[in-house]
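**Student:** predicted structure and sequence below. I'll ask about it afterward.
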Amino acid sequence: MSAPEERPLPPSREEALAQLRAADTTRVITDTDRLLLVGYCAALGSVVAGVLALAWWTLSNGNTAGFVASFAGYGLAIALLVALQRRANAAPRGFARLYGRGLALTMALYAVGVAWFSPRAADPVPAGVFLPYCVLVAVPSLVAAVLIDRRARR
C-alpha cells in the first residue's frame, strides 16, 4: 500500500488577504498594450467624426461618388483600427466599460448629426455650425481614451 498523499494546508485568512492584495496591485498591461488601446479608442472617435463631416460635405454638394468613397475609406479605417486593437495582449481593468460608454455616446451623437443634416440636402446646415458639431462627436471617445490611459498607468 502506498502512503496517502499529503495535501498542502489552505492559506490562513491573513495569507489569503495578502495574496489578494498582491494580485490586485500586479500590473499585467504593458506600455504597448496601453498605447494600442488608447490610440484605438481615440482614433475610432476621430474616424466617426471624420466620416460624419465627409458625409455632410459630400451630400450637401450632391457628390454621391464622394459619399460612397468616404464610406469605403471609413470601412477600411475601421478594419485597420480593429486589427491594431487586437494586437493588445491585455487591457486595463474597466477598459470595456469605458470604451463602450465612449463609443456609445460618440455613435449617438453621430446618429443625431445624420438625422440633423440628412433631410436638409436642399438647404444644408452651414459649415460653421456643423463642423464644430463633428468635433463634438469625437469627444466622448477621446475622453474615454484619456480615462483608459490613466487607468492603465495605475
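**Tutor:** All right, it came through fine.
**Student:** and the strand or helix carrying Leu98, what does it pack against?
**Tutor:** In this structure, Leu98 sits in helix 95-117 according to DSSP states H and E. Judged by 3 or more Cβ pairs under 8 Å, 6 or more residues apart in numbering; DSSP states H and E, the packing partners of helix 95-117 are helix 31-60, helix 127-153. C-beta: built from backbone N, CA, C; applies to glycine.
**Student:** tell me the mean pLDDT for stretch 7-22?
**Tutor:** On average, the pLDDT along stretch 7-22 is 84.
**Student:** for it, which residues meet the burial criterion?
**Tutor:** Residues of stretch 7-22 include none that count as buried (16 or more other Cβ atoms under 10 Å).
**Student:** output that stretch as PDB, nothing but the C-alphas.
**Tutor:** Taking C-alpha atoms only, stretch 7-22 is exported to PDB below (Å, rounded to 0.1, in the frame of the first residue of the first chain):
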ATOM      1  CA  ARG A   7      -2.100  18.000   0.600                       C
ATOM      2  CA  PRO A   8      -0.900  21.500   1.400                       C
ATOM      3  CA  LEU A   9      -2.900  23.300   4.000                       C
ATOM      4  CA  PRO A  10      -5.100  26.100   2.800                       C
ATOM      5  CA  PRO A  11      -3.600  29.600   3.500                       C
ATOM      6  CA  SER A  12      -4.700  31.400   6.600                       C
ATOM      7  CA  ARG A  13      -7.100  34.300   6.300                       C
ATOM      8  CA  GLU A  14      -4.200  36.800   6.600                       C
ATOM      9  CA  GLU A  15      -2.100  34.900   3.900                       C
ATOM     10  CA  ALA A  16      -5.100  34.800   1.600                       C
ATOM     11  CA  LEU A  17      -5.700  38.600   2.000                       C
ATOM     12  CA  ALA A  18      -2.000  39.300   1.400                       C
ATOM     13  CA  GLN A  19      -2.100  37.300  -1.800                       C
ATOM     14  CA  LEU A  20      -5.300  39.100  -3.000                       C
ATOM     15  CA  ARG A  21      -3.700  42.500  -2.300                       C
ATOM     16  CA  ALA A  22      -0.600  41.500  -4.200                       C
END
